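*Asks:* make a model of this:
(2 chains)
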Number of protein chains: 2
Amino acid sequence: MGILFEVLKQDSRTRARLGRLTTPHGVVETPVFMPVGTQATVKTMTPEEVRDLGARIILSNTYHLYLRPGHELVREAGGLHRFMHWNGPILTDSGGFQVFSLAPLRKLSDEGVEFRSHIDGSRHFFTPEKVVAVQEALGSDIAMVLDECAPYPCSYKDARTATERTTRWAARARAAWNSDGATALFGIIQGSVYRDLREESTRALVDLDFPGYGIGGLSVGEPKPLMYEALEWVIPLIPEDRPRYLMGVGSPDCLFEGIARGVDMFDCVLPTRMARHGAVFTHTGRLVVRNAPNARDFGPLDPGCTCYTCRHFSRAYVHHLLRAGEVLGIRLTTIHNLHFLLDLARRIREAIAEDRFHSLKEQFLAACLTPA
Amino acid sequence: MGILFEVLKQDSRTRARLGRLTTPHGVVETPVFMPVGTQATVKTMTPEEVRDLGARIILSNTYHLYLRPGHELVREAGGLHRFMHWNGPILTDSGGFQVFSLAPLRKLSDEGVEFRSHIDGSRHFFTPEKVVAVQEALGSDIAMVLDECAPYPCSYKDARTATERTTRWAARARAAWNSDGATALFGIIQGSVYRDLREESTRALVDLDFPGYGIGGLSVGEPKPLMYEALEWVIPLIPEDRPRYLMGVGSPDCLFEGIARGVDMFDCVLPTRMARHGAVFTHTGRLVVRNAPNARDFGPLDPGCTCYTCRHFSRAYVHHLLRAGEVLGIRLTTIHNLHFLLDLARRIREAIAEDRFHSLKEQFLAACLTPA
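*Replies:* Numbers count the residues shown, from 1 in each chain, chains lettered A, B, ... in the order given. Take a look at the predicted model:
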């Protein structure tokens, strides 16, 4: 049980690599983009639709599921896979990021973090041990340790405090984790934008010997070059045989830049959130199909795209649906956006296999006039 | 072009009948339930999903499409079928009912009806001729005449005025209609709950010789027995070879009672509207899955149901999605409710073919404890 990760091929010009992640619920080729199903559903999509778009692993959120419907209810339902009818692998976020971004009135101590539910104001207490137990109850294939996610900007002193606490919590989570069970556990590297903290964090977590490593606390407002630099600091310190997961990142350009620096896994709400706001990815950049110029445009969202939406519907129709507040509108933009990223990840894997990742990256980024 | 209607079999114990309606976009077996796609989309559903549930004809709304995105835009897009990617027959409501129920500040005259858009307050004028032209621009397979829909209750005097105006408008619509084109035109019988008005209306419209007849002004608040009585007044006066369409009606019990009285076609927003409010049809009656008792119920919405939702998801999961405000929740309840009615219509057709409609009706209504 647990996971197995193998590197199948190393790109010759960058740190990009092709890998295979074997989980209790199936095999995932990496680099991989994981659609986000925060509340046990990838927003607007059925599980079959998510799979048909090429997704092989999805992410769900411990914080949300713990609050509603509750992990004990999910356990009673036979686990998260059965509850939501998704038979592939599931990675669950620890809830650390959500507690620090969503929950009001949190009280932080070395023991853990007290917070109020953003739904009903009720009080809750997360410890590193509890968060592992919740994820084991959900039946996640990959659980994440509870971490303290520092905001950006963040003073060196605060960043050090958060990073050191994250490391202590990681050790407790590691000890609480049933390493013989079906759930693998990933550590989370913190350290804000400070090189020594990032390196210390990585070394300490690697000493704890996790099956994989999340790189957290990035894409929280810092300029993209800083994020790329942080990846260059930490990734060389992670053992080659462990998957590296860049948390909460998934725009097309970041996918390329992260993979070039050795990232294997990504997740991001961007495709589904953009879709709800009436915006879509195209090969020349972001298009706000909700905007007026699309009202009489009878062409597809992205010429050349092979997704269901682009094969059957015009910009004018999708525009009409979005303006009219029709659910099908956000379904069609969601399908398109998820297809865009999942297909991009597939093309990237193909390019790495054929040792032409670098030229695909150059071509793609040159065509993209307005990054998402 | 236009439509062809054939009665294939007459039930021996009731006025129920099996029919076949041939349209420019395909053949429809009757009695038929038509899902409603008000704004050029059956709410939350793709056209393929609607078809896979067994729908062979859908309804859309002239009033809504005229206001947004506009019938000229739809014509430019290649017509409504192409615009919304539905290749089966489409019936469009005339907008009469919507003008009288949705639009504020209407001014009614013999010439037509002036109203303000419920979207942006802009002024518009519908005449019987214009409403036919709009529906021909949309490319409807079946258009409906502009009618004046009397509210319930309604004085005899007001009902007579509305009924006589509806008849005069029907004659103008009939004259404006291109009877050699691809769009068939149905008259609409009015007359509120007054027998002489209903009969006069029917006779006058039959004199105008429409390809089919809508029965309007019912299910507007009157008790169901009054509606059934009105059907018994008018249907015997409609020629056997013309389809009879009971407008805006589609609860399971009304389906049975209408069919027993000779109705061939139904449409209703009930299945999709109930779904959005978290309620579903079951063979024992209405279930509000959004309500608390379903939170830990791991059984299907309706035991024995073969729809996608019931095959793969529990009440607990659907309840969770609805409570969490997730779109998939209303998708799953919509699929279930449309399946319920479309499958019921299919079973009714089968029963008429085998001359056991009456016993199916008795069985079904006996099991149903809480009609929708």
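*Asks:* quick one: low-confidence parts of the stretch 1-150 of chain A?
*Replies:* A:1 (pLDDT under 70).
*Asks:* of all of the stretch 151-300 of chain A, which residue lies closest to chain B?
*Replies:* Of all residues in the stretch 151-300 of chain A, A:Phe298 sits closest to chain B, at 5.7 Å by C-beta to the nearest C-beta. Every C-beta, even on glycine, is put in place using the N, C-alpha and C of the backbone.
*Asks:* what does the stretch 251-372 of chain A put close to chain B?
*Replies:* Counting by C-beta under 8 Å from any C-beta of the partner chain, the stretch 251-372 of chain A comes close to chain B at A:295-296, A:298, A:308, A:312-314, A:316-317, A:319-321, A:323-324, A:326-328, A:330-331.
*Asks:* separation between the nearest residue to A:Pro47 once chain neighbours are set aside and chain B?
*Replies:* Among residues not flanking A:Pro47 along the chain, A:Trp86 sits closest, at 4.4 Å (C-beta to C-beta, 6 or more residues apart in numbering or on different chains). Between A:Trp86 and chain B the computed distance is 10 Å (C-beta to the nearest C-beta, to the nearest Å).
*Asks:* looking at this, A:Trp86 is in a strand?
*Replies:* No: when classified by DSSP: H, G, I helix; E, B strand; the rest coil, A:Trp86 is found to be coil rather than part of a strand.
*Asks:* okay, now it: neighbour count?
*Replies:* By other C-beta atoms under 10 Å in any protein chain shown, 24 other residues sit near A:Trp86.
*Asks:* now A:Arg195
*Replies:* 13.
*Asks:* could you pull up the residues touching it?
*Replies:* A:Trp233 (C-beta atoms under 8 Å, 6 or more residues apart in numbering or on different chains).
*Asks:* straight-line length of stretch A:142-150, end to end?
*Replies:* 23 Å (C-alpha to C-alpha, to the nearest Å).
*Asks:* re earlier: mind listing which of the residues of the stretch 251-372 of chain A next to chain B are in helices?
*Replies:* Among those, the subset assigned to helices under DSSP state H consists of A:308, A:312, A:316-317, A:319-321, A:323, A:327-328, A:330-331.
*Asks:* coming back round to it: who's in contact with the nearest residue to the residue of the stretch 151-300 of chain A closest to chain B once chain neighbours are set aside?
*Replies:* Taking C-beta to C-beta, 6+ apart, and ignoring the residues beside it in sequence, A:Phe298 has A:Ser314 as its nearest neighbour in space, at 4.5 Å. With contact taken as C-beta under 8 Å, 6+ apart, A:Ser314 is in contact with A:297-300, B:77, B:83.
*Asks:* same thing but 10 Å
*Replies:* A:Ser314 makes contacts with A:289, A:294, A:296-301, A:320, B:77-78, B:82-83, B:85, as judged by C-beta atoms under 10 Å, 6 or more residues apart in numbering or on different chains.
*Asks:* and for A:Gly299?
*Replies:* Contacts of A:Gly299 (C-beta under 10 Å, 6+ apart): A:310, A:314-316.
*Asks:* just the buried residues from the residues you listed, in PyMOL please.
*Replies:* To isolate the buried members of the contacts of A:Gly299 in PyMOL, using 16 or more other C-beta atoms under 10 Å in any protein chain shown:
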select buried, chain A and resi 310+314+315+316
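*Asks:* next up, phi/psi of the residue nearest to the spatial centre of chain A, please.
*Replies:* Nearest to the geometric centre of chain A sits A:Asp267, at 1.7 Å (C-alpha atoms, centre = their mean). For A:Asp267, the backbone dihedrals (degrees, to the nearest 10) come out as phi -140, psi 150.
*Asks:* near chain B, which residues of the stretch 101-250 of chain A?
*Replies:* Residues of the stretch 101-250 of chain A lying close to chain B (C-beta under 10 Å from any C-beta of the partner chain) are A:Ile119.
*Asks:* in the stretch 101-250 of chain A, what residue comes closest to chain B?
*Replies:* A:Ile119 (8.9 Å).
*Asks:* quick one: that residue is in a helix?
*Replies:* No: under three-state DSSP, A:Ile119 falls outside any helix and is assigned coil.
*Asks:* ok, and the closest non-adjacent residue to the residue of chain A most remote from its centre?
*Replies:* Distance from the centre of chain A peaks at A:Arg296, with 35.6 Å (C-alpha atoms, centre = their mean). For A:Arg296, ignoring the flanking residues on the chain, the nearest one in space by C-beta to C-beta, 6+ apart is A:Ala316 at 5.8 Å.
*Asks:* quick one: residues contacting A:Ala133.
*Replies:* A:71, A:127, A:143, A:176-178 are the contacts of A:Ala133 under C-beta under 10 Å, 6+ apart.
*Asks:* quick one: buried ones out of those?
*Replies:* Using 16+ other C-beta under 10 Å, the buried ones in those are A:71, A:127, A:143, A:176-177.
*Asks:* let me have those in TSV, extended by secondary structure.
*Replies:* Listed next are the buried ones among the contacts of A:Ala133 as TSV, based on three-state DSSP:
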residue	secondary structure
A:His71	helix
A:Thr127	coil
A:Ala143	strand
A:Ala176	helix
A:Trp177	coil
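*Asks:* as CSV, those with distance to A:Pro47 would be great.
*Replies:* Shown next, in CSV, are those (distance: C-beta to C-beta, whole Å):
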residue, distance to A:Pro47
A:His71, 20
A:Thr127, 32
A:Ala143, 20
A:Ala176, 30
A:Trp177, 27
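*Asks:* I am finished for the moment; much appreciated.
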